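S.K.: Return a 3D structure for these sequence lines:
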Amino acid sequence: MKTDDLIKALAADAKSVEQPIARTLAVAVGIGALLSLAAFLATLGMRTDFSQAASTSIRFLFKFVVTLSLAIPAFLLVRGLSRPDFKLDKRLWWLALGPVLLIGGIALEMISVPADAWHARMIGHNSFYCMVTIPLLSLAPFAAILYALKCGAPANPAIAGAVGGVLSAGIAATLYASHCTDDSPLFVMAWYPFGFALMAALGAVIGARFLRW
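M.R.: As a prediction, this is how the structure comes out:
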């Protein structure tokens, strides 16, 4: 059977496939996120002034806007990519929402903060921990997402794996944002993308082999 014919055959059974794989993926993401949360609480935990920062600092809340604006579109994309008949079209651009919002936040930061303070805010105090912690916290959801995708039939294994990596990093970055005391969008721009890029690349490499059918 040719690949195109197999895809059509699988897609023809969409009614019996869509809900189970969607549920499998949702459960996998939930389990992976809970494992990551448990590891986060056992090792780092939320910052001591979390409540105060959440009620007084727009910069602190904006970090979650950025991370979730990457995680949510990535989840929607992964759910679609788990099916063989899913067409990416222009939907991959959903992942541009987070970077666009971040660019807007950086512009406002640079307007409201003196230029001689930009470098210090970008470097922050936790750059090393940021680059290490986000990938580490991504591992549990990443493994769970790959397992769920393996239960489906992605037509683009490398892309599915890469977007799964972005999703896992989005979950991890959201957790880490609640611990990190560096709230400037300049810091987020400089250090958070490392974890996303690393997990996306890892997902693409593993996905191309592990998710192939």
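S.K.: from here on, contacts and neighbour counts on C-alpha atoms
M.R.: Fine.
S.K.: Low-confidence regions, this structure specifically.
M.R.: 1-19 (pLDDT under 70).
S.K.: Helices of that one, start to end?
M.R.: 3-12, 14-43, 50-56, 58-81, 97-112, 118-123, 127-151, 157-177, 185-210 (DSSP state H).
S.K.: and of those helices, who's closest to Lys90?
M.R.: helix 58-81 (11.2 Å; C-alpha to C-alpha).
S.K.: Which residues does that closest one contact?
M.R.: With contact meaning C-alpha atoms under 8 Å, 6 or more residues apart in numbering, helix 58-81 is reached by 21-22, 25, 53-54, 86, 88, 91-92, 94-99, 101-102, 105, 154-156, 160, 163-164, 166-171, 173-174, 177, 183-185, 188.
S.K.: Give the buried residues for that helix.
M.R.: By 16 or more other C-alpha atoms under 10 Å, the buried positions in helix 58-81 come out as 59-75, 77-81.
S.K.: Tell me which of the helices of the chain sits most buried.
M.R.: Across these, the average number of neighbours (mean count of other C-alpha atoms under 10 Å) peaks for helix 157-177, which reaches a mean of 28.
S.K.: tell me the angle of it relative to helix 185-210?
M.R.: Angle between the axes of helix 157-177 and helix 185-210 is 140 degrees (criterion: axes from the mean of the first three to the mean of the last three C-alpha atoms, to 10 degrees).
S.K.: Can you give the distance of helix 157-177 from its chain's centre?
M.R.: 3 Å (C-alpha atoms, centre = their mean, to the nearest Å).
S.K.: For it, C-alpha coordinates in PDB please.
M.R.: Taking C-alpha atoms only, helix 157-177 is exported to PDB below (Å, rounded to 0.1, in the frame of the first residue of the first chain):
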ATOM      1  CA  PRO A 157       7.100  12.900  12.400                       C
ATOM      2  CA  ALA A 158       9.900  15.500  12.600                       C
ATOM      3  CA  ILE A 159       7.500  18.400  12.800                       C
ATOM      4  CA  ALA A 160       5.300  16.700  15.300                       C
ATOM      5  CA  GLY A 161       8.300  15.900  17.500                       C
ATOM      6  CA  ALA A 162       9.600  19.500  17.200                       C
ATOM      7  CA  VAL A 163       6.200  21.000  18.200                       C
ATOM      8  CA  GLY A 164       6.000  18.500  21.000                       C
ATOM      9  CA  GLY A 165       9.300  19.800  22.200                       C
ATOM     10  CA  VAL A 166       8.000  23.300  22.100                       C
ATOM     11  CA  LEU A 167       4.900  22.200  24.100                       C
ATOM     12  CA  SER A 168       7.100  20.500  26.700                       C
ATOM     13  CA  ALA A 169       9.300  23.600  27.000                       C
ATOM     14  CA  GLY A 170       6.200  25.800  27.300                       C
ATOM     15  CA  ILE A 171       5.000  23.800  30.300                       C
ATOM     16  CA  ALA A 172       8.500  23.900  31.900                       C
ATOM     17  CA  ALA A 173       9.000  27.600  31.200                       C
ATOM     18  CA  THR A 174       5.600  28.400  32.800                       C
ATOM     19  CA  LEU A 175       6.700  26.500  36.000                       C
ATOM     20  CA  TYR A 176      10.100  28.100  36.000                       C
ATOM     21  CA  ALA A 177       8.600  31.600  35.500                       C
END
